[in-house]
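**Student:** next come a sequence and a model predicted from it.
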Amino acid sequence: MTPNEQLIHTLYTAFQQKDHKTMGACYHNAATFHDAVFDLKTGKEIRSMWEMLCRQSRDFSLHYNAVKATEQNGSAHWEAQYTFSKTGRTVLNKIDAAFEFKDGLIIKHTDTFNFYNWSKQALGFNGLLLGWTPFLHNKVKRTAEAGLRAFIKKQNT
């Protein structure tokens, strides 16, 4: 196993245990993270996102596989099942992750998933009707970003 494959295993094993501190230690301070909801520009923001998600998750389980990594790049597939707090609905989100590495840490992390499938599960009828629209996608992004900003502000007070 390459060191970067081990790093990916460390990240997802920590996530299974909701250990945000170990997860955060996997990221370079200059790291970026992007998915359908978050677009984060610093390691500090990424660490805060994982802490928020770990602390707020309910009925959470995670499985991962297909871990591959070279010195520069890596990938994995992971599936998270949880109760979406805003609606109480169960979500099974299937995600493909791509990584870039620097100095033995993750410098770039991009998660890809089907937002429409997620929105149908998380939001029910509204997600079914509007999950494919930029309107709903942007609303979810704004809500998530505001939630992260409020979480960071609360942690700093």
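**Tutor:** Looks like it arrived, so ask away.
**Student:** which other helices and strands contact the helix or strand harbouring Ile46?
**Tutor:** Assessed by DSSP states H and E, Ile46 sits inside helix 43-56. Helix 43-56 is packed against helix 20-24, strand 27-34, helix 134-155, with contacts defined by 3 or more CB pairs under 8 Å, 6 or more residues apart in numbering; DSSP states H and E. Heads up, the C-betas are built off the backbone N, CA and C, glycines and all.
**Student:** and the ones you listed: which comes nearest Gly124?
**Tutor:** Gly124 lies closest, by CB to CB, to one member of the helices and strands packed on helix 43-56: helix 134-155, at 12.3 Å.
**Student:** hmm, who's touching the closest one?
**Tutor:** Helix 134-155 is contacted by residues 36-39, 45, 48-49, 51-52, 115, 119, 123, 126-127, 130-131 when judged by CB atoms under 8 Å, 6 or more residues apart in numbering.
**Student:** now, of those residues, which are buried?
**Tutor:** Buried by 16 or more other CB atoms under 10 Å: 36-38, 45, 48-49, 51-52, 115, 119, 123, 127, 130-131, out of the contacts of helix 134-155.
**Student:** next one, pLDDT for Phe33 please.
**Tutor:** At Phe33, the predicted lDDT confidence score is 98.
**Student:** that one contacts Arg47, doesn't it?
**Tutor:** No: taking contacts as CB atoms under 8 Å, Phe33 lies outside contact range of Arg47: 10.0 Å.
**Student:** overlap in contacts of these two?
**Tutor:** Counting by CB under 8 Å, 6+ apart, no residue touches both Phe33 and Arg47.
**Student:** for the protein, which strand is longest?
**Tutor:** When the chain is parsed with DSSP state E, its longest strand is strand 89-102.
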